[in-house]
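Chemist: no FASTA, just this:
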């Protein structure tokens, strides 16, 4: 299986799900052009309420198709974009990446992984049972958040379904991802 982009999504207003598009433009230092979360400072409503001047570490949200497949196996049919991600990937273990990993998406775009998406009550409101299904536990009892990773755009570029994904930089010391 190749490591690639399955689908891309954006929404200009704050709604849970995003629209599937034929292509999105990633903008250096901002995020996804036309998306409600695009900007230098945080756009996530709960974070804006706490401190609207916070740096936006959530410019781009990536979810792995493997999660959607896992959910389907549990009887929860979730389509790409429905959990609010900008990019649905396949063939890359997003949750195992180190904080600071840089991904090359398509020919030009570069995204630095900043952390995990923290699943919230909106997930349960979207589909009953989904919140429990996107949370897990390690053998030692630590919480596992499966809803993808967040990142910031280091280099602009256009990305579309079928585009490749590569690790452009992996930090020498692995730093486990934490919610951002």
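Modeler: Everything's here; your move. Computed from a predicted structure; not experimentally measured.
Chemist: which sections of this protein are below the confidence cut-off?
Modeler: Across the chain, the ranges flagged by pLDDT under 70 are 1.
Chemist: hang on, residue 70 in a helix?
Modeler: Yes - assessed by DSSP: H, G, I helix; E, B strand; the rest coil, residue 70 belongs to a helix.
Chemist: For it, give its distance to residue 8.
Modeler: 21 Å (CB to CB, to the nearest Å). All C-beta spots, glycine's among them, are computed from the backbone N, C-alpha and C.
Chemist: out of the two, which sits in the busier spot?
Modeler: When neighbours are counted by other CB atoms under 10 Å, residue 70 and residue 8 differ, and residue 8 comes out ahead with 28 against 16.
Chemist: Can you name the next helix or strand after the strand or helix carrying the more buried one?
Modeler: Take DSSP states H and E as the rule and residue 8 turns out to sit in strand 4-10. Next along the chain after strand 4-10, taking DSSP H and E as the criterion, comes strand 19-21.
Chemist: What strands flank the following helix or strand past that next one, and is each parallel or antiparallel?
Modeler: Scanning forward in sequence from strand 19-21 by DSSP H and E, the next helix or strand is strand 24-27. Using DSSP bridges, the strands paired with strand 24-27 are strand 31-32 (antiparallel), strand 157-159 (antiparallel).
Chemist: Name whatever forms a beta bridge with residue 111.
Modeler: residue 103, residue 153.
Chemist: what about residue 51, neighbour count?
Modeler: The tally of other residues near residue 51 (other CB under 10 Å) stands at 9.
Chemist: Please give me every residue in contact with it.
Modeler: With contacts defined as CB atoms under 8 Å, 6 or more residues apart in numbering, residue 51 is in contact with residue 42.
Chemist: List the buried residues for stretch 169-180?
Modeler: For stretch 169-180, a neighbour-count test (16 or more other CB atoms under 10 Å) marks 177, 180 as buried.
Chemist: Start and end of it, how far apart?
Modeler: 20 Å (CA to CA, to the nearest Å).
Chemist: again with stretch 11-30
Modeler: Distance between the boundary residues of stretch 11-30 (CA to CA) amounts to 15 Å.
Chemist: Next: stretch 73-88.
Modeler: Using CA to CA, first and last residues of stretch 73-88 are 18 Å apart.
Chemist: Pull the residues that contact it.
Modeler: Contacts of stretch 73-88 (CB under 8 Å, 6+ apart): 5-10, 16-20, 24, 31-32, 35, 60-65, 68, 71-72, 105, 123, 126-127, 129-130, 133, 147-148, 159.
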